[in-house]
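> Predicted model, plus sequence, below.
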2 protein chains.
Amino acid sequence: MEENSCIRKEADLNQIKRCKEQISEVEEAVGALTNKLSLVSNSVRLKILYVLQAEERLCVCDLSDILNMTIPAVSQHLRKLKDRDFVKSEKEGQTIFYSLRDDHRELLAPFFNLLNRQPEAI
Amino acid sequence: MEENSCIRKEADLNQIKRCKEQISEVEEAVGALTNKLSLVSNSVRLKILYVLQAEERLCVCDLSDILNMTIPAVSQHLRKLKDRDFVKSEKEGQTIFYSLRDDHRELLAPFFNLLNRQPEAI
DNA sequence: CATGTATTTAAGTACTTGCTTAAATAATTT
DNA sequence: AAATTATTTAAGCAAGTACTTAAATACATG
């Protein structure tokens, strides 16, 4: 990819210039957003976020039960969610409880709303 | 993964049962939603959707220019977006114009809103 | 302190993703 | 009809993802 390849006669060069500018303005925001969406777009992680929103807090062990998955598998998802500030953890004895952080509530709210409707709404 | 592994003394079996039910109710919707989010969570595709929303319609060639990517790379993204009803195409001569479909406007609207704010809003 | 419980970490692997390059289609122009 | 233009399709590959199993860590209890 070096030179411009769009050489249609009717190509609207102003439009292309305008689009390039628009893209460069949101470039950073797009990166930040897709970074978060790539976490939420996994069905296991979305389920984890969904039950945490309903239940305040759950431990790894609970989630493993609920999702019918091995503990390490769940733990690895939780780590990703924690690394990107979707959840926080608190230790109580040898049990570690996870709960939703407020950081991304605004991003998540529309998804939870959709899930609480009929499947055909999505 | 066969038997339940959560054998804490304090484990709240009712809570776990309740969560399992909640999950099974949204199981299908979660699949449908993550299916769509996995498309949007790619930065190239989100940019494509973003400029299409602003510009009504663009051809593959335009997008290749705007995104500074090869034509086949863009074309493959467009195919995915078309397969899942995010965009439609119309042929005009040998040029194929892509535009946003209405199907997922509700899902996309919050993202476009976020992008139009400051990056730190995300 | 040895054993058991709750969780994380790490290595290995199958699957998926997103690009590249080259070839195939299809419409247009000469 | 041959050459040009716009796009898609396909094969190949490097990187990323999500699981598995086994080992490591950390707290609790007999």
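Yep, it's here. Residues are numbered from 1 along each chain as shown, chains lettered A, B, ... in the order given.

> Could you find the residue nearest the spatial middle of chain A?
Of all residues in chain A, the one closest to the mean position by C-alpha atoms, centre = their mean is A:Val40, 2.8 Å from it.

> I'd like to know how far that residue sits from A:Phe86.
8 Å (C-beta to C-beta, to the nearest Å). (Each C-beta comes from the backbone N, C-alpha and C, glycine too.)

> biggest helix in chain A, by residue count?
helix A:13-40 (DSSP state H).

> So which elements touch that helix?
In terms of contacts (3 or more C-beta pairs under 8 Å, 6 or more residues apart in numbering or on different chains; DSSP states H and E), helix A:13-40 is packed against helix A:43-55, helix A:105-115, helix B:13-40, helix B:43-55, helix B:60-67, helix B:105-115.

> Does A:Leu52 touch A:Arg101 like I think?
No: using C-beta atoms under 8 Å, A:Leu52 is not in contact with A:Arg101; the gap is 9.7 Å.

> Pull up the overlap in contacts between those two.
A:Val87 (C-beta atoms under 8 Å, 6 or more residues apart in numbering or on different chains).

> of the two, who's got more company?
Taking other C-beta atoms under 10 Å in any protein chain shown, A:Leu52 and A:Arg101 do not tie; A:Leu52 has more neighbours (21 against 15).

> Can you report how many residues neighbour the nearest residue in space to that one that is not next to it in sequence?
Spatial nearest neighbour of A:Leu52, chain neighbours left out: A:Leu100 (4.7 Å); criterion: C-beta to C-beta, 6 or more residues apart in numbering or on different chains. As a burial measure, A:Leu100 scores 22 neighbours (other C-beta under 10 Å).

> Next: A:Leu39.
A:Leu39, neighbours per other C-beta under 10 Å, totals 20.

> residues contacting it?
With contact taken as C-beta under 8 Å, 6+ apart, A:Leu39 is in contact with A:Arg45, A:Lys80, A:Leu81, A:Arg84, A:Phe86.

> cool, A:Arg57 as well?
So A:Arg57 contacts A:Glu90, A:Phe97, A:Tyr98, A:Ser99 (C-beta under 8 Å, 6+ apart).

> run the last query once more with 10 Å
A:Val87, A:Lys88, A:Ser89, A:Glu90, A:Glu92, A:Phe97, A:Tyr98, A:Ser99, A:Leu100, B:Gln15 (C-beta atoms under 10 Å, 6 or more residues apart in numbering or on different chains).
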